[in-house]
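1. When you get a sec, could you give me coordinates for this:
(chains A, B, C, D, E and F)
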Protein chains: 4
Amino acid sequence: MNDDVQKRKSGRPRSEAARATVLATALRLAREDTVQSITMEGIARAAGVSKATIYRWWNSKASVVIDAFVENHIVRTPMPRDCHPAEALVHHWRLLAEQYSDWPGDLVVQILAEGQSDPEVLREFRERFHYGRRAVVREVVDDLLRVCNLSGDMSAEDFADLFYAPLYMRLMWRHRAIDAAFIAEFPINFFRLLGVELDEDGRLRG
Amino acid sequence: MNDDVQKRKSGRPRSEAARATVLATALRLAREDTVQSITMEGIARAAGVSKATIYRWWNSKASVVIDAFVENHIVRTPMPRDCHPAEALVHHWRLLAEQYSDWPGDLVVQILAEGQSDPEVLREFRERFHYGRRAVVREVVDDLLRVCNLSGDMSAEDFADLFYAPLYMRLMWRHRAIDAAFIAEFPINFFRLLGVELDEDGRLRG
Amino acid sequence: MNDDVQKRKSGRPRSEAARATVLATALRLAREDTVQSITMEGIARAAGVSKATIYRWWNSKASVVIDAFVENHIVRTPMPRDCHPAEALVHHWRLLAEQYSDWPGDLVVQILAEGQSDPEVLREFRERFHYGRRAVVREVVDDLLRVCNLSGDMSAEDFADLFYAPLYMRLMWRHRAIDAAFIAEFPINFFRLLGVELDEDGRLRG
Amino acid sequence: MNDDVQKRKSGRPRSEAARATVLATALRLAREDTVQSITMEGIARAAGVSKATIYRWWNSKASVVIDAFVENHIVRTPMPRDCHPAEALVHHWRLLAEQYSDWPGDLVVQILAEGQSDPEVLREFRERFHYGRRAVVREVVDDLLRVCNLSGDMSAEDFADLFYAPLYMRLMWRHRAIDAAFIAEFPINFFRLLGVELDEDGRLRG
DNA sequence: CAATAATCGAGACGGTACGTCTTGTCTTCAC
DNA sequence: GTGAAGACAAGACGTACCGTCTCGATTATTG
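-> Take a look at the predicted model:
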């Protein structure tokens, strides 16, 4: 999808207008209904763009949605610096949960759903959304395990999964909502379980 | 889906053969490829059954697959009795992970994927697969929190999600495999993090 | 195309309404523009019928048009009986020319044009339109050659081609119109060339 | 199509190489399959030329093919001089039939087919291929009608159509092949019908 | 023992999306 | 002013499923 290569030699250049319209339209349609319900045909129609133009630059509707998703920085969760790693993680987790409690959460899980029948989609989503974010988390978790002497034998990767997975579990199963109570309490309870006491704002006690 | 109601007055009775064939065929097809890839048309064709017959008894292909899934007890994970709740949970988790590492895991996550665009499917899957199993887990977790004095303020529900969510996270994201190492180490590491030491067979030390 | 076979056993019977609408619509569209310009998509749209229904019963738009053409007996040229074969042929030729001077002529030549890139179309058109008509002509030509002692070595087939070909030549090349003068004079001149004198109404002199 | 006008003022001159390649490629492709099956896109691709270049100099693929056809003198049928007009016509007819029995015949009838949906194509083909040839034929037919006292009221044009039309009829309908027997016998039989006896080589008897 | 009623298979129906293809136009850079 | 490269909007291609429907045939219970 990233043709930033220097083969922009000859020929009519790609229309930036078309590109932007497609992404915006896809995002709008996906929000109005679901990723599964939208179609290449529908995006083309609503964007006033030919299907060929879409297929020239994207393989599937999931690719379009992923591109729109990443392009628009839809899930923005900066990792705090200069604070205790536990505080950073709690803050980061809450930002994420906040956003997942709204339509970006639907989008994420619907893209994942789309990926279950197309490994390529899953791969692309991991590379463009998951891995970069996870690297940041990993560093902080590394700090945390060292500072708090928590490691046991659990790797930073496993620990990160453990902390964030319940969020995805609620997104996916929808058995329980990602509501204010969950956002407020879960990370505090999680760290208390590990023996790390934080106040309700996520700051270390004592 | 379960019309066991007493409106079986007159008329030709439902064909049990057709019902069984549909479920078996749907399961076979879903295993051979993916739930997303199979179609009502395809199931009917492969089962030698008319489409109308399928639509008469099921709303969607997901309903058929869920029915086949539950009917055939595809994921069997008995909860051990007469042992420490931590031991029971580890044992149960490992049984589940073992099964999720193979095609039943694909099936589960693909049904969940299907449910992301159809709340009814998600509801049905939760009711017929998730809730019953979760009730059993919940009881044991209740015991565990009491016995180990672990509760803090984390509810049994949250604790159960915390323990099982990483499994679903791997299923869904496929960023890391559900392999032998994970199955062996994760539950041990998880409990060590909580201060509960178990040996590699999941038995309490000391 | 002719599924008059007795396999109408089970299943929903074919919709006669759909069949008739498709043929009527195709004919109308072909007359309004050209056979080449119409599309399966367009016929389906204008007829309020799904594309699948058309493709279920016809292979190509040419098949549809041929069916409409033959079904509606668009070119009706009865061969006169109980008269001299020369008179019969002149009468028949003039009826045909009369009709070819209008849109049925366009249709015929456009179907032939369509057939130049698809032998199957040509074969179907010959079988459903040409051969039956030609058999009738052939008999009369046989009579003519015998009665007038004209044969030389020219076969009835060749003779028929010779008589009718100029009509198709004008249709195809459009270098000269099929107008009143041509219709009036050509067959008379043709027979005079062979030594058979006919008056302007196509009746034998003397 | 023929811009031999004196507007060759400034700028890069037209590439003769491109022109020749386009014509040669179009001809090759049309021979390999059919005129109907080839596309502007395909010609450009196979010729290594841009589509714009083709569209700048030709209106349609038919124009390209006609140009290639005429340019390469694809159908060469010189009219014999210094012999009886009947002999000349038979000789000329046989040359034409000989060539029409092979791919040039396919090309001619496919161009005509293309012209049925585009009067401009038909007009261009008539002007560049038909009219010049027909003028030559016309002169000889004029002689023939005078010499043999055949005229009746049939014009030279009609007579020429009568003689050559069966050839086009076979090309178009493909109901009978243009084979050796037809080439050998038809013109002899035709003239015998008119009372002109020729031997098998097309020479006047007696 | 017929009448009733719900089932079954088969498969046609109007829709609609798929991903590919061609059309004729356009835009950019190189010559 | 050409030319090659190639993007663009438009829209048809033929296939596949969707969910609904209309058949005739089958199989129970009910009157």
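2. Not counting stretch A:67-79 itself, show me its contacts.
-> A:1, A:23-24, A:26-27, A:30, A:58, A:88, A:92, A:95-96, A:99-100, A:104, A:107-108, A:111, A:128-129, A:133, A:136-137, A:140 (CB atoms under 8 Å, 6 or more residues apart in numbering or on different chains). Using the backbone N, CA and C atoms, a C-beta is placed for each residue, glycine as well.
3. Show me what counts as buried in that stretch.
-> Residues A:67, A:68, A:69, A:70, A:75, A:77 are the ones in stretch A:67-79 that count as buried (16 or more other CB atoms under 10 Å in any protein chain shown).
4. Confidence-wise, which of those residues comes last?
-> Ranked by pLDDT, these bottom out at residue A:75 (85).
5. nearest spatial neighbour of the one residue in chain A that gets nearest to chain C, skipping sequence neighbours?
-> Closest approach between chain A and chain C, counting by CB to the nearest CB: residue A:41, at 13.9 Å. In space, not counting the residues next to it along the chain, residue A:41 is nearest to residue A:51; the distance is 6.6 Å by CB to CB, 6 or more residues apart in numbering or on different chains.
6. quick one: pLDDT of that neighbour?
-> 96.
7. per-residue pLDDT, residue A:89?
-> 97.
8. same question but for residue A:112, I mixed them up
-> Taking residue A:112 on its own, its pLDDT is 98.
9. same for the helix or strand that contains it, what does it pack against?
-> Taking DSSP states H and E as the definition, one finds residue A:112 inside helix A:103-115. Contacts defined by 3 or more CB pairs under 8 Å, 6 or more residues apart in numbering or on different chains; DSSP states H and E place helix A:103-115 against helix A:16-32, helix A:61-71, helix A:119-125, helix A:156-173, helix B:103-115.
10. Buried residues of it, list them for me.
-> A:104, A:105, A:106, A:107, A:108, A:109, A:110, A:111, A:112, A:113, A:114, A:115.
11. measure the first one to DNA strand F for me?
-> So that's residue A:104. 27 Å (CB to the nearest atom of the strand, to the nearest Å).
12. Point me to the residue of chain A nearest DNA strand F.
-> Of all residues in chain A, residue A:11 sits closest to DNA strand F, at 2.4 Å by CB to the nearest atom of the strand.
13. did I read that right, that residue in a strand?
-> No: with DSSP: H, G, I helix; E, B strand; the rest coil as the criterion, residue A:11 is located in coil rather than a strand.
14. what bits of chain A have low per-residue confidence?
-> Along chain A, segments meeting pLDDT under 70 span A:1-9, A:151.
15. how does it look with 80?
-> Chain A contains residues with pLDDT under 80 at A:1-9, A:11, A:150-153, A:206.
16. Tell me the residues of it that contact DNA strand F?
-> Contacts of chain A with DNA strand F, taken as CB under 7 Å from any atom of the strand, map to A:7, A:10-15, A:18-19, A:48-53, A:56-57.
17. Show me how to select, in PyMOL, the buried members of these.
-> Burial among these is assessed by 16+ other CB under 10 Å; the matching PyMOL selection reads:
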select buried, chain A and resi 18+19+49+53
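18. For residue A:198, give me phi and psi.
-> When read as degrees, to the nearest 10, the backbone of residue A:198 gives phi -120, psi 150.
19. Residues of chain A that sit close to DNA strand E?
-> A:9-13, A:39-42, A:50-52, A:55, A:60-61.
20. List the buried residues for the helix or strand where residue A:184 lies?
-> Assigned by DSSP H and E, residue A:184 belongs to helix A:180-193. Buried residues in helix A:180-193, counted by 16+ other CB under 10 Å: A:182, A:183, A:186, A:187, A:188, A:189, A:190, A:191, A:192, A:193.
21. farthest-separated two in those?
-> Comparing all pairs in the buried residues of helix A:180-193 by CB to CB, the longest separation belongs to A:183 and A:193, at 17.2 Å.
22. Would you mind confirming that residue A:140 is in contact with residue A:88?
-> Yes: using CB atoms under 8 Å, residue A:140 is in contact with residue A:88, at 5.2 Å.
23. sorry, back to before: and the direction of the helix holding residue A:184 versus that of helix B:156-173, what angle?
-> 100 degrees (axes from the mean of the first three to the mean of the last three CA atoms, to 10 degrees).
24. Give me the contacts around helix A:180-193.
-> Residues from elsewhere that reach helix A:180-193, judged by CB under 8 Å, 6+ apart: A:86, A:89-90, A:93-94, A:97-98, A:101, A:163, A:166, A:170, A:176, A:197-200, A:202, B:150, B:152-154, B:158, B:162, B:193-194.
25. Report the distance from it to the chain centre.
-> How far helix A:180-193 lies from its chain's middle: 21 Å, per CA atoms, centre = their mean, to the nearest Å.
26. do stretch A:109-120 as well
-> That offset, for stretch A:109-120, works out to 13 Å (CA atoms, centre = their mean).
27. Then stretch A:177-188?
-> 18 Å.
28. Export that stretch to PDB, keeping only CA atoms.
-> Extracted in PDB, the C-alpha atoms of stretch A:177-188 (Å, rounded to 0.1, in the frame of the first residue of the first chain):
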ATOM      1  CA  ALA A 177     -19.500  -2.700  28.200                       C
ATOM      2  CA  ILE A 178     -16.300  -0.500  28.200                       C
ATOM      3  CA  ASP A 179     -17.900   2.000  30.600                       C
ATOM      4  CA  ALA A 180     -16.800   4.600  33.000                       C
ATOM      5  CA  ALA A 181     -16.600   2.200  36.000                       C
ATOM      6  CA  PHE A 182     -14.400  -0.300  34.000                       C
ATOM      7  CA  ILE A 183     -12.100   2.500  32.900                       C
ATOM      8  CA  ALA A 184     -11.800   3.900  36.400                       C
ATOM      9  CA  GLU A 185     -11.400   0.600  38.300                       C
ATOM     10  CA  PHE A 186      -9.800  -2.000  36.200                       C
ATOM     11  CA  PRO A 187      -6.200  -0.700  36.000                       C
ATOM     12  CA  ILE A 188      -6.200   0.200  39.700                       C
END
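29. From residue D:15, how far off is the residue of chain A closest to DNA strand F?
-> Remark: distance between residue A:11 and residue D:15 (CB to CB, to the nearest Å) = 19 Å.
30. Next: residue A:110.
-> Residue A:110 is 53 Å from residue D:15, by CB to CB.
31. ok, now residue A:137?
-> Residue A:137 is 60 Å from residue D:15, by CB to CB.
32. Which residue is the nearest non-sequential neighbour of residue A:138?
-> Per CB to CB, 6+ apart, closest to residue A:138 is residue A:156, 5.1 Å.
33. quick one: contacts for the one you found?
-> Applying CB under 8 Å, 6+ apart, the residues near residue A:156 are A:138, A:141, A:142, A:145.
34. Max pairwise distance over those residues: which two?
-> Taking CB to CB as the measure, the contacts of residue A:156 span a maximum distance of 10.5 Å, between A:138 and A:145.
35. follow-up on the earlier one: report the angle between the axes of the host helix or strand of the residue of chain A closest to chain C and helix A:16-32?
-> If you go by DSSP H and E, residue A:41 is part of helix A:40-47. Angle of helix A:40-47 versus helix A:16-32, following the same axes, to 10 degrees, is 110 degrees.
36. Show me what helix A:40-47 is packed against.
-> helix A:16-32, helix A:51-57, helix A:61-71.
37. And the second one, how far out from the chain middle?
-> When you say that, I think you mean helix A:51-57. 25 Å.
38. List of residues touching it?
-> A:1, A:3, A:14, A:15, A:18, A:19, A:22, A:40, A:41, A:43, A:44, A:64.
39. follow-up on the earlier one: out of the helices and strands packed on helix A:103-115, which comes closest to residue D:120?
-> Between residue D:120 and the helices and strands packed on helix A:103-115, the tightest spacing by CB to CB is seen for helix A:16-32, at 33.9 Å.
40. hmm, that closest one in reach of chain B?
-> No: residues of helix A:16-32 contacting chain B under CB under 8 Å from any CB of the partner chain: none, with a closest distance of 10.9 Å.
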